[in-house]
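Undergrad: Okay, sequence plus prediction incoming.
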Amino acid sequence: AQKITQTQPGMFVQEKEAVTLDCTYDTSDPSYGLFWYKQPSSGEMIFLIYQGSYDQQNATEGRYSLNFQKARKSANLVISASQLGDSAMYFCAMRGSRGGGSNYKLTFGKGTLLTVNP
Amino acid sequence: DTGVSQNPRHKITKRGQNVTFRCDPISEHNRLYWYRQTLGQGPEFLTYFQNEAQLEKSRLLSDRFSAERPKGSFSTLEIQRTEQGDSAMYLCATSDPDGKNIQYFGAGTRLSVL
C-alpha cells in the first residue's frame, strides 16, 4: 500500500518570498512517480510538477521545484517568489510501478493550504 | 478548450434519486480515472479505464455506483439511490500512455444530496 503524509495543514508566506511544502511518502514499489497538484477554491486540480523515482536530478518547472530525497522518502515542493495567485490547496500524490491497472491510480495526501500575504 | 471537461459542475439532488455525471477526456488520452474528494481530504481513487475497458474499481465504489466508457472516449459515472454520504466533489482525470502517466483533471462535479 502507498501512503502520502503532508504534515502542514496550513502555511503562510509573504509575497515574493520562497516557501517549502512538505511531503513524505511510503511505498514498497521499486519504482514510482511523485506529483504535486494545486487546487484553487474553484476546485480544479492543476498539475504542477512530476518526479520519477529513478530521475537523477530534482524536477523543476518554472517557479516550482521538487526537493526529492529518496533515502528520506520525502518530496517537498519549493515555490520561489510567491505570488498572490499561489494561494490555494496543494496536494502531494504518488503512483506505483507501471505494468498494471492498479499501479496507475494516484494516492493523495490531505493537502496543505497555502496563503500568500501581500 | 482541449482540457478535461466535466458536466454538470454542480448537482443538487434529493436522497434516493439517481444522478449521472459525464467526463470528456483530452482527445488523445486513452486512460481515464474517477476520484471522489470530500471536504478537507485529498481525492480518493474510484475507478480506472484504459480505452473502453474498466480495469480497476476501488472498494469505495459500492454497487450503487457504476461507471462506463462505451467507446473509449467520454465516460459516465452514475450513482443510484443517492445517500447523504455521497455528497462530495467527483473528479475525472485522464492521462496519455507515456512513462510519466501525468493525470490531468477536470473541474469536477460537486454533488449535494439533501
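TA: Cool, got the structure. Note that the coordinates shown come from a computational prediction; the quantities given were computed from them, not determined experimentally.
Undergrad: drop to CA atoms for contacts and neighbour counts, all remaining ones
TA: Noted.
Undergrad: where does chain B dip in pLDDT?
TA: In the predicted model, chain B carries pLDDT under 70 at residues B:1-2.
Undergrad: what residues does chain B put near chain A?
TA: When proximity is defined by C-alpha under 8 Å from any C-alpha of the partner chain, chain B lies next to chain A at B:33, B:40-45, B:48, B:55-56, B:100-108.
Undergrad: Drop anything exposed from the residues you listed.
TA: Buried by 16 or more other C-alpha atoms under 10 Å in any protein chain shown: B:33, B:42-45, B:48, B:56, B:100-108, out of these.
Undergrad: so who does the residue of chain B found nearest chain A touch?
TA: Closest to chain A within chain B is B:Ala107: 4.1 Å, counting by C-alpha to the nearest C-alpha. Contacts for B:Ala107 (C-alpha atoms under 8 Å, 6 or more residues apart in numbering or on different chains) come out as A:Ser42, A:Gly43, A:Glu44, A:Met45, B:Val4, B:Ser5, B:Gln6, B:Arg9, B:Leu91.
Undergrad: Near chain B, which residues of chain A? Just list them.
TA: A:33, A:42-47, A:50, A:52, A:91, A:101-102, A:104-111.
Undergrad: Can I get the buried ones among the residues you listed as something I can paste into PyMOL?
TA: The PyMOL command for the buried members of those (criterion: 16+ other C-alpha under 10 Å) is given here:
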select buried, chain A and resi 33+43+44+45+46+47+50+52+91+101+102+104+105+106+107+108+109+110+111
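Undergrad: what's the helix or strand for the residue of chain B closest to chain A?
TA: Using DSSP states H and E, B:Ala107 falls within no helix or strand.
Undergrad: about what we covered before: out of the contacts of B:Ala107, which are inside strands?
TA: In strands, judged by DSSP state E, the following of these are found: B:Ser5, B:Gln6, B:Leu91.
Undergrad: Spatially nearest residue to the second one (excluding sequence neighbours)?
TA: Residue nearest to B:Gln6 in three dimensions, not counting chain neighbours: B:Cys23, with 4.6 Å by C-alpha to C-alpha, 6 or more residues apart in numbering or on different chains.
Undergrad: Now do the contacts for the one you found.
TA: B:Val4, B:Ser5, B:Gln6, B:Asn7, B:Phe74, B:Ser75, B:Thr76, B:Cys92, B:Gly106.
Undergrad: Scan those and report the most crowded one.
TA: B:Cys92 (33 neighbours; other C-alpha atoms under 10 Å in any protein chain shown).
Undergrad: re earlier: and the contacts of B:Cys23, which is closest to B:Asn18?
TA: Distance to B:Asn18, by C-alpha to C-alpha, is smallest for B:Thr76 among the contacts of B:Cys23, at 12.8 Å.
Undergrad: now the closest one, which residues is it bridged with?
TA: Judged by DSSP bridges, the bridge partners of B:Thr76 are B:Arg22, B:Glu68.
Undergrad: now the strands for chain A?
TA: In chain A, the strands defined using DSSP E lie at A:3-5, A:10-14, A:19-21, A:24-26, A:33-39, A:46-52, A:60-61, A:64-69, A:74-79, A:88-95, A:107-108, A:112-117.
Undergrad: looking at these, which is buried most?
TA: Counting by mean count of other C-alpha atoms under 10 Å in any protein chain shown, strand A:88-95 has the highest mean neighbour count of the strands of chain A, with a mean of 26.
Undergrad: I'd like the strands of chain A laid out as CSV, including mean pLDDT.
TA: Converted to CSV, these look like this (pLDDT from 0 to 100):
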stretch, mean pLDDT
strand A:3-5, 95
strand A:10-14, 97
strand A:19-21, 98
strand A:24-26, 96
strand A:33-39, 97
strand A:46-52, 96
strand A:60-61, 96
strand A:64-69, 97
strand A:74-79, 98
strand A:88-95, 96
strand A:107-108, 95
strand A:112-117, 98
